[in-house]
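**Q** Here is a sequence with its predicted model. Questions after.
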Amino acid sequence: MKWVKVLGGVVGVAALLGLGIILGHFAIPKGADPLAPSVSQDLDLEILETVMGQLDASRIRETLRELSREPHLASSPRDEALVQLLLQRWRDPESGLDSAGTSTYEVLLSFPSQEQPNRVAVVAPTGDILFSCRQSEENLTEEQAGPDVVSPYAAYAPSGTPQGLLVYANWGMEEDFEELQTQGIELKGTIALTRYGGIGRGAKAVNAAKYQVAGVLVYTDPADINDGHSLPNETFPYSWYLPPSGVERGSYYEYFGDPLTPYLPANPSSFRLDPATASGFPPIPTQPIGFEDAKVLLCNLQGTSAPAAWQGALGCDYKLGPGFQPDGAFASTWRPRRSVVFASWGAEEFGLIGSTEFTEEFFSKLQERTVAYINVDISVFANATLRVQGTPPVQSVVFSAAKQIPAPDPSRLSIYDNWIRYFNRSSPVYGLVPRLGSLGAGSDYAPFIHFLGISSMDIAYTYDQSKTSARIYPTYHTAFDTFSYVDKFVDPGFGSHRAVAQTAGNVLLRLSDSLFLPLNVSDYSETLRSFLQAAQQDLGALLEQHSISLGPLVTAVEKFEEASIALGQNISALQKANPNPLQVRMLNDQLMLLERTFLNPRAFPEERYYSHVLWAPRTSSVATFPGLANACSRAMNTSLGSAAWAEVQRQLSIVVAALEGAAATLRPVDDL
């Protein structure tokens, strides 16, 4: 608050201004003696009609336009300019008044600090800002962002930085705070959110202070001023209703007149009270906010429901608090359990350069800490169905996500049920399920899975393969690969893009915030069993001719199956109990590191970056372990005991060692 000079005695309403000018012109004829006796003691109806006829709406409009052209807060330069404008008009010799003047007073006014602007925020226990209310209203008509528009504030409220749990206190009347106490709510040190109305602005802070509330927020509820309308398209500038960001400013001083010179004119020589002890000021910090911000706060409160008379029109059940819902927007776990890194890779078309260089630079950190990699390259090839490629452990989390999201078509099926219509397989464990494709090297997932051994997936929407033989959408990598092409032919309405975003986002949240990583390592057993069966059926006889036994591979697969089942049972048991953080971390490490156990950087020395013994490139037609399949293909026409058959034996040993290492990783840490 500060001392300012204020000019008084000026009429500031356009209609009265026009009326004053006209009366000044017609009430007393020019040159007449104002003290001479009137010819008629009654009202001159002719003059009355003339005055009424010259009250012109267009002139009033133009006068109001000029008065409202810029903000004119008391004591501002624009305020002084308007004083001079009115004086000029009222002193006009043709149309003005007999006399016009000003009176100047030195009074105490209250303004927000430009150096330390008012701020309302939700602060986490860690000190992180979870949400901040607007510090200015939305610029809807290019008039709300001018340099002279004063930011929302409660005039005469004291400065301060109160912090506390939020409670909802209706109008802020004394009986409202009594009701909160009756509900068993401890008010000391809280922040009270109140609605305009019921009582004066300043009284809300006065009442709150009686109950040791630390600070007060005040908002305008659309139930009280907008006939319940609150949506942006229902309010200004589309109607006369207050828009969501609107904040009512005003005085929170209890009395009227200059606070420091009660009953005395605020002349320079008048006695003044000490501002530190003067009465009538709000006793605690107070700030008005818009109902869009109040909605975020109020609709996330926890506690019992407010009485019916306290409910408003923000579209949620108003609760009393204190504090926010444990699973709401401001929950102490708003942040996910695990960090999420978003990446946009450069030079992908030149050979996955951006992603590969990144994995080379941060090799150790990524390999030690990365849970999973989600790739979205061409998110939409067409708009028929979801298509996912990935390592087996991600299957369950993708299925869970796809079951929650509606497909972007009139079928009203889930993405999962629509997916199963186009790509499916018969699982010995689950029955008919969508088919998860394997990862090759066609996009930026390649260095993550082949070089780092990180569980990965690639998510896209694609076409109905029964209706086209196209290997990809036809304009791929041509000058016709444009937005308009996508908009017209690939995904009209962009519903499939939304579906991919929802699926990837759902998977991302599950992976980042589930207590136990939703990676089902048992699903690797199906892949390993199918690889083993293919090796037995297509390569078994040939291997026997060269005295190479698949027995160790059979044993290794069985060990993996047993270990994965035991791990799953352990997780299920802990999910029903109350695991300690060390148990959770231990199991999550086992789930995360499983994929790394399939890496062998010496398995394929001729293949740069490829070290995953299950997903390296396979040139053989036999759908089995790629190193074994490729080695057998090269050794097929060589003699017994050749180097080529030695490589077959080596590749078989590499796979067996990887599977045994994987099984050991899945067993308890102390079980070697």
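**A** Happy to help now that I have it.
**Q** use CA for all of it now, contacts and neighbours both
**A** Fine.
**Q** Helix, strand, or coil at residue 495?
**A** Following DSSP: H, G, I helix; E, B strand; the rest coil, residue 495 is assigned to helix.
**Q** can you pull out the strands in the stretch 151-300 of the chain?
**A** 154-155, 166-168, 191-195, 215-219, 250-251, 286-289 (DSSP state E, counting those that start in this stretch).
**Q** Can you tell me which of those strands is nearest to residue 507?
**A** strand 166-168 (33.3 Å; CA to CA).
**Q** Identify the residue spatially nearest to the most centrally placed residue in the chain, adjacent ones excluded.
**A** By CA atoms, centre = their mean, the chain has its centre lying nearest to residue 329, at 9.2 Å. Excluding the flanking residues, the one nearest residue 329 by CA to CA, 6 or more residues apart in numbering is residue 300, at 6.7 Å.
**Q** and that neighbour, what does it touch?
**A** Neighbour list for residue 300: 324, 325, 328, 329, 330 [criterion: CA atoms under 8 Å, 6 or more residues apart in numbering].
**Q** Same question for residue 394.
**A** With contact set as CA under 8 Å, 6+ apart, residue 394 has these partners: 455, 456, 457, 518, 519, 520.
**Q** and of the residues you listed, the nearest to residue 186?
**A** residue 518 (40.7 Å).
**Q** which non-adjacent residue is nearest residue 234?
**A** Using CA to CA, 6+ apart, the nearest residue to residue 234 is residue 241, at 7.3 Å.
**Q** which residue ranges form the strands in the stretch 551-672 of the chain?
**A** Using DSSP E, counting those that start in this stretch, strands in the stretch 551-672 of the chain do not occur.
**Q** Low-confidence regions, it specifically.
**A** 671-672 (pLDDT under 70).
**Q** try the stretch 1-150 of the chain
**A** In the stretch 1-150 of the chain (pLDDT under 70), the answer is 1-40.
**Q** Can you show me the strands along it?
**A** Going by DSSP E, counting those that start in this stretch, the stretch 1-150 of the chain shows strands at 2-8, 103-109, 121-123, 129-132.
**Q** Neighbouring strands of the third one in the sheet, and parallel or not?
**A** To tie it back to what came earlier, the one meant is strand 121-123. strand 129-132 (antiparallel) (DSSP bridges).
**Q** Just the CA trace of the strand it pairs with, in CSV.
**A** The C-alpha trace of strand 129-132 is given here as CSV (Å, rounded to 0.1, in the frame of the first residue of the first chain):
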residue,chain,number,x,y,z
ILE,A,129,5.2,-26.7,-8.1
LEU,A,130,2.4,-29.0,-9.1
PHE,A,131,0.0,-26.3,-10.3
SER,A,132,-0.1,-22.6,-10.5
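**Q** ok, and for that strand, which residues are buried?
**A** The neighbour-count check on strand 129-132 (16 or more other CA atoms under 10 Å) flags residue 131 as buried.
**Q** Quick check: residue 590 touching residue 665?
**A** Yes. Using CA atoms under 8 Å, residue 590 is in contact with residue 665, at 6.1 Å.
**Q** hang on, the earlier thing: who wins on neighbours among the contacts of residue 300?
**A** Most neighbours among the contacts of residue 300, by other CA atoms under 10 Å: residue 324, with 24 neighbours.
**Q** which non-adjacent residue is nearest it?
**A** residue 301 (4.3 Å).
**Q** ok, now residue 158?
**A** Per CA to CA, 6+ apart, closest to residue 158 is residue 285, 5.2 Å.
**Q** and the one you found, how many neighbours?
**A** 21.
**Q** residue contacts, the residue nearest to residue 324?
**A** Contacts for residue 301 (CA under 8 Å, 6+ apart) come out as 166, 167, 318, 319, 320, 321, 322, 323, 324, 325.
**Q** so what's the fifth one up against?
**A** Yep, that's residue 320 we're talking about. Contacts of residue 320 by CA under 8 Å, 6+ apart are 167, 168, 169, 180, 301, 302, 303, 304, 305, 306.
**Q** out of these, who's nearest residue 408?
**A** Once CA to CA is applied, the member of the contacts of residue 320 that ends up nearest residue 408 is residue 301, at 34.2 Å.
**Q** Residue 94 versus the residue nearest to residue 324, what's the distance?
**A** Distance check for residue 301 against residue 94: by CA to CA, to the nearest Å, it reads 64 Å.
**Q** for residue 399, same thing?
**A** On the measure of CA to CA, residue 399 and residue 94 end up 85 Å apart.
**Q** The two: who's more crowded?
**A** Neighbour totals were compared for residue 399 and residue 94, and residue 399 leads with 19 against 12 (other CA under 10 Å).
**Q** tell me which element that one is part of?
**A** Per DSSP states H and E: residue 399 is located in helix 395-404.
**Q** Around the residue lying closest to residue 426 once chain neighbours are set aside, how many other residues sit close by?
**A** In space, residue 426 comes closest to residue 432 once its chain neighbours are excluded; the distance is 4.5 Å by CA to CA, 6+ apart. The tally of other residues near residue 432 (other CA under 10 Å) stands at 12.
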